[in-house]
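Novice: sequence isn't available, so here's the structure alone:
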């Protein structure tokens, strides 16, 4: 069975986000196995100190990269990533699954992703030019992944 791993910093605190994520994971189970890896966000004493923020991102990045399933096609969710439409995302993910059988997505903390994670990723994708809380980004990713799997399976999807 195909596998999709989501490595994210932080947990879903709000029940409505947990419920939405669970619903999409249930729907995705027809297509692939979804694994969630939640890493603890690094504490930053002074959010305005660029060096502290960079150090925390580097530490989070090391922990993220250490958890990537071997041979997975990795995708960093970041603001500077390309913004594919649903059919283009489905094609990219489908080609990656054909080659690797495994996908791995990175969702960073409120400060984003470390440069090392972005550099190591096979692709960089932005879900939107809008800014969303990271918990909502996880739900949006699950929806986009579910939509992609439906497209790849030749099922109808809403445009």
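Specialist: All right, it came through fine. Keep in mind it's a predicted model, so treat the numbers as computed, not measured.
Novice: if I look at residue 54, how far off is residue 40?
Specialist: Residue 54 sits 18 Å away from residue 40, going by C-beta to C-beta, to the nearest Å. (Each C-beta comes from the backbone N, C-alpha and C, glycine too.)
Novice: how about residue 21?
Specialist: From residue 21 to residue 40 the distance is 18 Å (C-beta to C-beta).
Novice: which of those two has more neighbours?
Specialist: residue 21 (21 against 11; other C-beta atoms under 10 Å).
Novice: whichever strand or helix holds the more buried one packs against which elements?
Specialist: Residue 21 belongs to helix 15-28 when elements are defined using DSSP states H and E. When contacts are defined as 3 or more C-beta pairs under 8 Å, 6 or more residues apart in numbering; DSSP states H and E, helix 15-28 packs onto strand 32-39, helix 134-152.
Novice: so which residue is smack in the middle of the chain?
Specialist: Geometric centre of the chain, nearest residue: residue 105, 3.4 Å, by C-alpha atoms, centre = their mean.
Novice: partners of the helix or strand it falls within, with directions?
Specialist: Applying DSSP H and E as the criterion places residue 105 in strand 102-107. Taking DSSP bridges as the criterion, strand 102-107 forms sheet pairs with strand 2-9 (parallel), strand 73-82 (parallel).
Novice: adding distance to residue 124, write these out as TSV.
Specialist: TSV is the format used below for these (distance: least, C-beta to C-beta, whole Å):
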stretch	distance to residue 124
strand 2-9	15
strand 73-82	3
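Novice: nearest to residue 147, of those?
Specialist: strand 2-9 (13.1 Å; C-beta to C-beta).
Novice: list the contacts of the closest one.
Specialist: By C-beta atoms under 8 Å, 6 or more residues apart in numbering, the residues outside strand 2-9 that reach it are 28, 31-41, 60, 64, 67-69, 72, 97, 101-109, 134, 138, 141-142, 145.
Novice: try 6 Å this time
Specialist: 32-39, 41, 60, 64, 67, 69, 97, 101-109, 138 (C-beta atoms under 6 Å, 6 or more residues apart in numbering).
Novice: what of stretch 124-132?
Specialist: For stretch 124-132, contacts defined as C-beta under 6 Å, 6+ apart pick out 75-79, 81, 83, 140.
Novice: same thing but at 8 Å, please
Specialist: Identification of contacts with stretch 124-132 by C-beta under 8 Å, 6+ apart yields 75-84, 89, 118, 137, 140-141, 144.
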